[in-house]
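Novice: Dropping a prediction and its sequence here:
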Amino acid sequence: MPELPHEIWKDRINNELNNIKNLNVLAENSILKGNDSVEFSIKINAFGFTKIQEDLKPKKIHRIFLKLNRQFPYPGGIDFSWTSNIFHPNIHPVENPSRKPGTGYICLNVLKKWSRLSDLETTVKALKSLIRHPNPDDPLNYPICLEAAEFFKKKSMEDLEKEFGIEEKENEEKESEEDVIIIDD
Amino acid sequence: MQNNKKNREELKVYGIESIDSDKFDRQKRITGWDQSKISNATVMIIGVGATGNEVVKNLVLTGIGKLIIVDYDFINNSNLNRCVMFNAKSAQDKDYKVDVVKKACEELNPDVEVVAVRKNLKDINKTLYEQSNVICSCLDNVEARIEANNYAYYYGIPFIDSGIEDFFGSVQSVYSGVEDAACLQCSISNADLDLMWKKFSCTGQEITSENGETIGKIATIITTTSIIGGLQSQQVLKFLLGIDYYKENQEWNPHLGTPMIGKQLTYNGLLNKFRIVEKIKNPDCWICSYKKKK
């Protein structure tokens, strides 16, 4: 995989971080800049679920740890780990939610098929959209993910939202519709 | 009368010596040629396979000062149909390409200094880019091309890329001294990135073309490689001879012509046609939209 010259890489990362600052997802004081990598956590606000001891609960705030390595922005340049609990067919959080990049699995095409128009902003939006629109037809091969797949096959996110009585603001609803990224993996 | 004849003979002998004793006499007759620019130049050649062999041969015979050759591969029997510097013994011994090319260069022209770097392009010392006056890539994959493009553009070194496949070939030059010219990264497509990712993540097993053959092995013949290698080394010479004039006057020396910067020359051997395509600069390019090294 090619890489950018170091100075350009640094400029690019600074630009990307500035862009996602506008999305208000960066966790405070979480940016750790190294010479060959940049680590940070993001908090995404989206309607999802967690399951703790057979108890299904709605969950709105999700934490993800990201590490941009020297390969960024070429494919394979971002390592993710999902550090908060989530009940989702395509996401498997890290068992020990310490900083362990690449150990929590996320099944999302935009992360693999990195396009030349992709950037951190689209990635964050895609992650947000993934929480809201699980794809139960292609779950990860973990018991909890398979269980989530069965669950979301029976009930759609829209119905669940009404059931759990959470009303999303109108503008948020619009935004999430725009951001839908079709998952065909 | 006799005296006169003797004189003429002397003159003749003297003449032949002056014309034929200088190795580079014929090329020095080109208007605008400056042999010292060639013999003081350092050219980096990335990949010394089929096209690389041709480029190295051309440059060494032209009297280039120093060559930096980068390749980590060894010689196979299947290389022998199109590489002038390799032979059956080197294939049998699985010699490294750089070592064999270095030896062959020293035989062709003992004055040339060859630095053989037996490494993956990713792992080479980045100062090698800065030491070069021109960089050539004679590669078989997109990743390494882009890597070379990125560093060459950043350091402001002219970079010439080539590609071949059976009867077709292309040559493209990149130079960040010409601001509005495109680089290789400008025209990289999503399909290219996809292929890079597949190679990176699936150890190449998944990459098969429509007819089931591995994409890594393409059809090549020496006639195409020598045409493309010839064009590429011509570009190298044009850069070496003309770049000082360009830096002074912001235009290329009319005697030596303009190198194809931001343009791609494509060769179609079936239709016997050459075409020049101007590449469009991408304003959001990952490389040339950022500042280069000062």
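Specialist: Perfect, I can see it now. Residues are numbered from 1 along each chain as shown, chains lettered A, B, ... in the order given.

Novice: From now on I want contacts and neighbour counts done on CA atoms only, so please keep to that.
Specialist: Will do.

Novice: Name the SS class of the residue in chain B that chain A sits nearest to, please.
Specialist: Taking C-alpha to the nearest C-alpha, chain A has its nearest neighbour within chain B at residue B:147, 4.7 Å off. Following DSSP: H, G, I helix; E, B strand; the rest coil, residue B:147 is assigned to helix.

Novice: Kindly provide the distance from the nearest residue to it once chain neighbours are set aside to residue B:75.
Specialist: Distance criterion C-alpha to C-alpha, 6 or more residues apart in numbering or on different chains; nearest residue to residue B:147, sequence neighbours excluded, is residue A:2 at 4.7 Å. The gap separating residue A:2 from residue B:75 is 25 Å, by C-alpha to C-alpha, to the nearest Å.

Novice: per-residue confidence at the residue most central in space within chain A?
Specialist: For chain A, the residue nearest the mean C-alpha position is residue A:127 (3.2 Å; C-alpha atoms, centre = their mean). Listed pLDDT for residue A:127 reads 84.

Novice: and after the helix or strand bottoming out on mean pLDDT in chain B, which helix or strand comes next?
Specialist: In chain B, the helix or strand scored least confidently by mean pLDDT, DSSP states H and E is helix B:2-20, which has a mean of 57. Sequence order places helix B:25-28 as the next helix or strand after helix B:2-20, per DSSP states H and E.

Novice: Could you list the buried residues of that following helix?
Specialist: Across helix B:25-28, burial judged by 16 or more other C-alpha atoms under 10 Å in any protein chain shown covers no residue at all.

Novice: Next: stretch B:35-45.
Specialist: Buried-residue list, stretch B:35-45, by 16+ other C-alpha under 10 Å: B:35, B:37, B:38, B:39, B:41, B:42, B:43, B:44, B:45.

Novice: next one: stretch A:55-66
Specialist: Buried residues in stretch A:55-66 (16+ other C-alpha under 10 Å): A:58, A:59, A:61, A:62, A:63, A:64, A:65, A:66.

Novice: ok, the residue most central in space within chain B - contacts?
Specialist: Nearest residue to the geometric centre of chain B (C-alpha atoms, centre = their mean): residue B:136, 3.7 Å. Shown in contact with residue B:136 (C-alpha atoms under 8 Å, 6 or more residues apart in numbering or on different chains): B:43, B:44, B:45, B:46, B:159, B:160, B:161, B:232, B:236.

Novice: Kindly state the beta-bridge partners for residue B:276.
Specialist: residue B:265 (DSSP bridges).

Novice: my guess is it meets residue B:264, correct?
Specialist: Yes: judged on C-alpha atoms under 8 Å, residue B:276 makes contact with residue B:264 at a distance of 5.6 Å.

Novice: quick one, which of the two is more surrounded?
Specialist: Ranked by neighbour count (other C-alpha atoms under 10 Å in any protein chain shown), residue B:276 and residue B:264 place residue B:264 first, with 19 against 14.

Novice: Looking from chain B, tell me which residue of chain A is nearest.
Specialist: Closest to chain B within chain A is residue A:2: 4.7 Å, counting by C-alpha to the nearest C-alpha.

Novice: On the three-state scheme, that residue is what?
Specialist: Following three-state DSSP, we place residue A:2 in the coil state.

Novice: which secondary element of chain A has the worst mean pLDDT?
Specialist: helix A:170-178 (a mean of 41).

Novice: Show me what from chain B comes close to chain A.
Specialist: Within chain B, the positions adjacent to chain A are B:122, B:143-144, B:146-147, B:150-151, B:154, B:188-190, B:193-194, B:196-197, B:200, B:287, B:290-292 by C-alpha under 8 Å from any C-alpha of the partner chain.

Novice: Tell me how many other residues crowd the spatially closest residue to residue B:82 that is not a sequence neighbour.
Specialist: Residue nearest to residue B:82 in three dimensions, not counting chain neighbours: residue B:222, with 4.5 Å by C-alpha to C-alpha, 6+ apart. For residue B:222, the count of nearby residues is 19 (other C-alpha under 10 Å).

Novice: do residue B:108 as well
Specialist: As a measure of burial, residue B:108 has 13 neighbours, counting by other C-alpha under 10 Å.

Novice: Report the contact partners of it.
Specialist: Taking C-alpha under 8 Å, 6+ apart, we find residue B:108 in contact with B:60, B:61.

Novice: can you tell me how far residue B:167 sits from residue B:223?
Specialist: Taken as C-alpha to C-alpha, the span from residue B:167 to residue B:223 is 8 Å.

Novice: More neighbours: the two, which one.
Specialist: Ranked by neighbour count (other C-alpha under 10 Å), residue B:167 and residue B:223 place residue B:167 first, with 18 against 13.
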